[in-house]
Every structure is written in structure tokens, then in C-alpha cells.
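In: just the structure for this:
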Amino acid sequence: MAMLRGGIPLGTIFGISVRLHWSWFIIFFLVTWSLAAYYFPDAHPDWSRATAVVTALATSLLFFASVLAHELAHSVVAMRAGIPIHSITLFVFGGVSQMTREPGQPEIEFRMALAGPLASLAIGGLCWGIWWLTRDVNEPVAAVAAWLGWINVVLAVFNLIPGFPLDGGRVLRSIIWWRNKNLRSATRTATTIGRGFGYLFIFGGIFLVFFGNWIQGLWIAFIGWFLENAAVGSYRQVALHDMLQGHTVSEVMTRECPRVSPKLSLEQLVHDYILNSGRRCFPVVENDRPLGLVTVHNVKAIPRGLWAVKTVTDAMTPFDQLKWVQAGDDLSTVLQLMTDEDVNQLPVLQDGNIVGMVARDNLLSFINTRAELGM
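Out: Here you go, the predicted model:
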């Protein structure tokens, strides 16, 4: 999801980058506050305020660790099927794994989708086991285990709702896909059901607000809004992939690529090349040897007062750090690479030389033209 790019890096697990989106702190605060101010004091009135707060903090952290375990379960199954996982991001509605590509077979998606809820059910069972062992020995530990057992079962059941892109929706899509052999059609059906559940949550939340339970009602409505938007976005992504698949970079690339010298000042680059041509990126070449790529984004990173003294070399991305594609690469793969690397254009290489550029605008123009012609 584009909205979840970035975040605070926590480290890597199984080679997967784990991040915290800023919105995570909202739900972490709300869960901790509700546990410390209401749940634990009501369930254990003899506890001190400090005991309730510390137990609430520990419970919240363990809860989000279990959400991470849920996502890791998806990711491990995906990686065993040969699908690399770029990152896992924890955010206000839980967690999301960013795959470099969609599963190529319905059987793989079925296993991936079920892995998360099964992991949550296993964690829930483990926590209830800990509660049973500690209920007469350590009250705070037993209270944490009981709440985590309940919430993980709820997490598993919620994710099994058969609406895309929830896990249950992915299970449903994999079954339809297996039956009709058409991923786009299966996605459309699962997405329609997902949007239906989204609207159901929205209207249910509004109903609760009208009857005075405005905090819970707003939260449920917000979840519904998120589900509806996620369903639409997920279908568009699959449809986009379907339209681009089978077409190559050579069909859309720009072959006339003005080259610039590494010794050119940034001021000259802006006035003589960028403003004159309207282009946003230029290969940097010296003696027919590619040195890198300079873009408007690179130039903007240099203070404007230094443009007259700074050269293209100071701003460019060196050749050995560039992400690049070849003329025969599939456009769906290229779009995924642009999304993963958060770039809008990529150089096209052949025999070590830059022979053109492919930009996100090229892909969108290609899609729009085909759609306009009914292709």
C-alpha cells in the first residue's frame, strides 16, 4: 500500500524488513489506555494503578508482537513458495506484508492466506494454556495471557471474513480462481464481497453512533471505510497487472534520451535541459561510458543557492546504485519495481549502455490508450 511506505525501521526477521507506521502509535495508545483505565481496573479492582498500567503496557506490546507473528506466518509460507517479501509494516489496523509479486497459483495463495489466522489461533491457544497454568500463581501474568488468548482468536475470526483483501477474502479468491482459472474475475468477485462487508461495517458503526456508543461506532465505521478502500485498491492493482502482463518495456520506452556531462553545473542542467525539454531525468555519460542518472528529485536535494557551483556529479545517482530494466522485461514487473523502489522512472540498459528510459507516465499512457480503444 502506498500510504504505508516509510515508517520506523525495527530490524529484520528472516531477512524481512519490519517497520512501524506512524499510525501504529495511535492504536498502541488506545489499546494501552483502554486496558489501563477500564479493563484491568474493572476485572481486578484490588490492583494498584501502577500494576494496571505496567500490565497494560506489557499486554499491548505482546499483542502487537502477535500481530507481527500473524504477518510473519503469511510471509514464511510466501517465501517457501518462492515469493520474496519486501517488508512488514505494523499500522493502525494491524499489519501488512508487502510482496514483490502476487502468488502465481491459487494453491499457494490458499496456503498463504490461511497461515496468518492459523498462527493467531495457535497463539490464542498457547496464551489460554499459560492462563490455565498461572491463574492461581501469578494474577497479572494470567490476566495478560487471558486477554491475549481472547484477542488473538478475535483477530483470526475477523481476518477470516470472506471479503478481499482480508485473509478470508484471499481464501475465497483462491477457491474461485482454482475453479474458473481467471485471477481477475476471482478478484472482482472477492472484492465485491469485501466492499459489501466494508459498507456493512460503516453503516453498523453509524448505527452505534446514533445510539450513543460513538467511540466504538466511529472506530467500526473507520474500519469499514478502510476495508472498502483497500478492496477497491487491491482490485485496481490486480487489473493493472493483468493489463500490463505480456507487454514489454520496448513497447513504451523513450528512446530519445538527451545525455548530460557530469561536469555540467546544476544551473545549466536546469535551464538548458530540464526547462527546455520538460524531461525529469537524464543519463549522465562521459566518453560513451554511463556514470549514473540525474533527476529533478536529485536537483531539488541541493540548495538552490549552490546550483551554480555544484555539478551533475554532486547530485546524480551513481550507475552502480541504479535500479534498471531491459527492453524485454515485462511491464507488470517494471511497475512493481517502481512501486517497491518508490521511483517514477528507470533507465533501460543494453550491453551496459543506457538506451532509453521508461517512466510511470509511459505505463499509464499505455494503459489509458488501450482502455480507450477497448483493448
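
In: and stretch 266-281, which residues are buried?
Out: Using 16 or more other CB atoms under 10 Å as the test for burial, stretch 266-281 gives 266, 267, 268, 269, 273, 274, 279, 280, 281. Every residue, glycine included, has its C-beta placed from N, CA and C.

In: which residue is the nearest non-sequential neighbour of residue 36?
Out: residue 56 (3.7 Å; CB to CB, 6 or more residues apart in numbering).

In: ignore the last one, residue 108
Out: Using CB to CB, 6+ apart, the closest residue to residue 108 is residue 81 (4.5 Å).

In: which residues touch the one you found?
Out: 103, 108, 111, 112 (CB atoms under 8 Å, 6 or more residues apart in numbering).

In: quick one on the thing from earlier: out of the buried residues of stretch 266-281, list just those in strands.
Out: Applying DSSP state E to the buried residues of stretch 266-281, the entries found in strands are residue 281.

In: rewinding a little: would you mind measuring from the residue nearest to residue 108 to residue 160?
Out: 21 Å (CB to CB, to the nearest Å).

In: now residue 150
Out: 16 Å.

In: check residue 53 too.
Out: Relative to residue 160, and taking CB to CB, residue 53 is found at 33 Å.

In: next one: residue 132
Out: Per CB to CB, residue 132 is found 25 Å from residue 160.

In: what does residue 281 give?
Out: When residue 281 is compared with residue 160 (using CB to CB), they lie 45 Å apart.

In: do the same with residue 342
Out: Residue 342 is 32 Å from residue 160, by CB to CB.

In: just residue 327 next, same as before
Out: 44 Å.

In: which of these two has more residues huddled nearby?
Out: Comparing residue 327 with residue 160 by other CB atoms under 10 Å, the one with more neighbours is residue 160, at 20 against 16.

In: report the contact partners of the more buried one.
Out: Neighbouring residues of residue 160 by CB under 8 Å, 6+ apart: 117, 166, 167, 168, 171.

In: which one of these sits closest to residue 303?
Out: residue 166 (46.7 Å; CB to CB).

In: surely that closest one touches residue 194?
Out: Yes. Look at residue 166 against residue 194 with CB atoms under 8 Å: they come within range, at 6.8 Å.

In: who's more crowded, those two?
Out: The neighbour comparison of residue 166 against residue 194 (other CB under 10 Å) goes to residue 194, with 28 against 24.

In: let me know the helix or strand that that one is in.
Out: helix 183-210 (DSSP states H and E).

In: residue 292 too?
Out: strand 289-295.

In: buried residues in that strand, which are they?
Out: Buried, per 16+ other CB under 10 Å, within strand 289-295: 290, 291, 292, 293, 294, 295.

In: can you check stretch 322-337 too?
Out: 322, 325, 327, 329, 330, 331, 332, 333, 334, 335, 336, 337.

In: hang on, isn't residue 93 packed against residue 225?
Out: No. Counting by CB under 8 Å, residue 225 is not a contact partner of residue 93; they are 10.6 Å apart.

In: three-state assignment of residue 328?
Out: Here residue 328 is coil, with the state taken from DSSP: H, G, I helix; E, B strand; the rest coil.

In: may I have the phi/psi pair for the closest residue to it other than its chain neighbours?
Out: Sequence neighbours aside, residue 248 is the residue nearest to residue 328 in space, at 5.4 Å (criterion: CB to CB, 6+ apart). Backbone torsions for residue 248, taken as degrees, to the nearest 10, come to phi -110, psi 170.

In: having no further points to raise, I will conclude here.
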